[in-house]
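Colleague: make a model of this:
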Amino acid sequence: MQIIETKRGKGKTTWLIRQAAKDLKDGVMSCIIAPSLSDVERILLRAEQLGLYILKPLTFGQIIEGKHRGTKIEKFYIDDVDRCLTSLTRVPIEIITITGEVEP
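Modeller: Numbering: from 1, shown residues only. Next comes the predicted model:
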């Protein structure tokens, strides 16, 4: 798993869009997970501006509801994970831990 940390507006979402488009071109079904429906629309618009085709992103809430079950999605890219988690808790997330190898 990779973790990309940088300030807002520095290209994180664009990087995810490019990666998801590359995956799809290579026959791998990957999907971006976004914090909200407005973020889904923003991601789709950005992909269109870049001339790239991606699967329609899902919201974090849709993932919790199981909307991805029964699809052929093979992997996920989570955009703004902090906002995704806050959408569940409704309070700020101060610290998270993860298990596994982190690539720079």
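
Colleague: going forward, measure contacts and count neighbours with C-alpha atoms only.
Modeller: Will do.

Colleague: what helix or strand is the residue nearest to residue 58 when sequence neighbours are not counted on?
Modeller: Closest residue to residue 58 apart from its sequence neighbours, by C-alpha to C-alpha, 6 or more residues apart in numbering: residue 33 at 5.0 Å. Element membership for residue 33, per DSSP states H and E: strand 30-34.

Colleague: sorry, back to before: from what I can see the residue nearest to residue 58 touches residue 73, true?
Modeller: No. Counting by C-alpha atoms under 8 Å, residue 73 is not a contact partner of residue 33; they are 11.7 Å apart.

Colleague: in the chain, what residue spans correspond to strands?
Modeller: Assigned by DSSP state E, the strands in the chain fall at 30-34, 58-59, 75-78.

Colleague: could I get the first one in CSV with only the CA atoms?
Modeller: The C-alpha trace of strand 30-34 is given here as CSV (Å, rounded to 0.1, in the frame of the first residue of the first chain):
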residue,chain,number,x,y,z
SER,A,30,-9.9,-0.3,-10.0
CYS,A,31,-12.2,2.2,-8.4
ILE,A,32,-11.6,5.5,-6.6
ILE,A,33,-13.4,5.9,-3.3
ALA,A,34,-14.4,9.5,-2.5
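
Colleague: pull the residues that contact it.
Modeller: 16-17, 20, 23-24, 40, 54-60, 63, 73-80, 84 (C-alpha atoms under 8 Å, 6 or more residues apart in numbering).

Colleague: got a list of what residue 100 touches?
Modeller: Residue 100 makes contact with residue 1, according to C-alpha under 8 Å, 6+ apart.

Colleague: return the set of buried residues in the strand holding residue 33.
Modeller: For strand 30-34, a neighbour-count test (16 or more other C-alpha atoms under 10 Å) marks 30, 31, 32, 33, 34 as buried.
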